[in-house]
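Asker: the sequence and its predicted three-dimensional model are supplied below.
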Amino acid sequence: MIRRFIPRYGNEIKLTSALRLQSGISKFNSIVQNNSYFMGSAAEAITFYLTNHALDQEAVVGVPLYTCSSVLQAVKSANCKIKLLDIYLDKEGYHYDLAQIESIDILILIHYFGVYCKEITAIKTAYTNFATLDDCSHVAYKKGYVCVYSDASVFSFNLHKPISCGSGGCLLVSNLKCNSSLRDSYANLTTHGLFVDSKIYIKKLVKSFAHSSIIQSVIKNIVERRRIKQSQVSPYHNIFPRQLSFLSKCLLGNQYHARNNTSQKLNYLRIPDNYRLSLNDEETCNLLYYPIYLANKEQRDCVNTMLHSINIDSFVLWENCLYNAMYYVNTKVGNQGTVLFMEKVLFLPKALIENERYSAELSIAIDVLKKYGAAE
């Protein structure tokens, strides 16, 4: 048994970043570009782009089935039609059936876990008739995976993101014609007043600090009951784009310039290569989530149960994506690539990989993996 409870995430907002508002706003201004639009969330950025780009209200937006519910909410809020795309993710990368991409107007392409989707080159070479919006929510804004084939990219600054601020997103536009048309629309967007902004600011700081290992070990039963309620469908709510608020700008400026030791991510390579993504050192240092792959659902569930029994909070990211498919698009999910992927994948807590204090615990987790789980 591991004595210390290792939660999925930890406290990600530095106290110094939260308090130094004056230096934060100047740092934020230094990262603003002519083609960047900072908004209240990544979902707001998606809605903003689609609303201004897809002038045809019948525009069809291709969205991978394996996605966060906020992406589906953003597309629906822009009054666009959703076409779900089956995708299979294994240790080697992304696998799309290109035929399913026909008859769409805009493609949302997700760079999962911080791994760049190289397939975008083949997709845009085969199909030149639609715009491409990169969902870079798992990618550090500093990296800026904006491919020459993409029209725009969306980044997230929510909790559990590479630059974690509790909220916020950015639309980065590479299509100059599109950029000029967005400028006036962005200028007309409102933002929260100082009172509301202050309440939201305090709430997200409390939420971040509540993710510390000590607090999570105390409230883990409450958190688990809440997760069960959230594991089905994420109900729809309309998204209204806003400019990023003042306090969020200050926090983002400080968090952006905070030092991060990405070399600790290389601990992921300690996991036997038949259980993990096939990545080089540079790609590993870009990871946000740490997936492991088992042979089948039974093996995955067994390993997950054993890890939880020794206080390691392993999980399945977006475990309700199949329910959301039924809710948002009324699509029956059969024996598809996404389903097969969802049955095999399991994610290890960030701290287990990135915190050297848990080096011994990572060794124990690897032993559990070898003993109770067969590789994919």
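Answerer: On my side now, so go ahead.
Asker: now the strands: where do they sit in this protein?
Answerer: Secondary structure of the chain (DSSP state E): strands at 36-39, 60-64, 81-85, 87-90, 93-96, 106-110, 131-135, 152-156, 169-173, 290-293, 345-348.
Asker: as a markdown table, the ones you listed with mean pLDDT and mean neighbour count would be great.
Answerer: In this view, the C-beta of every residue, glycine as well, is placed from N, C-alpha and C. Below are the strands of the chain laid out as a markdown table (pLDDT from 0 to 100; neighbours: other C-beta atoms under 10 Å):
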| stretch | mean pLDDT | mean neighbour count |
| --- | --- | --- |
| strand 36-39 | 95 | 23 |
| strand 60-64 | 93 | 23 |
| strand 81-85 | 92 | 19 |
| strand 87-90 | 89 | 20 |
| strand 93-96 | 84 | 18 |
| strand 106-110 | 93 | 24 |
| strand 131-135 | 91 | 24 |
| strand 152-156 | 93 | 27 |
| strand 169-173 | 93 | 25 |
| strand 290-293 | 96 | 23 |
| strand 345-348 | 97 | 21 |
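Asker: got JSON lines for those, with distance to residue 198 too?
Answerer: Converted to JSON lines, those look like this (distance: least, C-beta to C-beta, whole Å):
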{"stretch": "strand 36-39", "distance to residue 198": "19"}
{"stretch": "strand 60-64", "distance to residue 198": "35"}
{"stretch": "strand 81-85", "distance to residue 198": "36"}
{"stretch": "strand 87-90", "distance to residue 198": "40"}
{"stretch": "strand 93-96", "distance to residue 198": "42"}
{"stretch": "strand 106-110", "distance to residue 198": "33"}
{"stretch": "strand 131-135", "distance to residue 198": "30"}
{"stretch": "strand 152-156", "distance to residue 198": "22"}
{"stretch": "strand 169-173", "distance to residue 198": "20"}
{"stretch": "strand 290-293", "distance to residue 198": "35"}
{"stretch": "strand 345-348", "distance to residue 198": "34"}
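Asker: out of these, nearest to residue 181?
Answerer: Of all the strands of the chain, strand 169-173 sits nearest to residue 181, with 9.7 Å by C-beta to C-beta.
Asker: tell me which other helices or strands that closest one touches.
Answerer: If you count contacts as 3 or more C-beta pairs under 8 Å, 6 or more residues apart in numbering; DSSP states H and E, strand 169-173 packs onto strand 36-39, helix 42-53, strand 152-156, helix 176-187.
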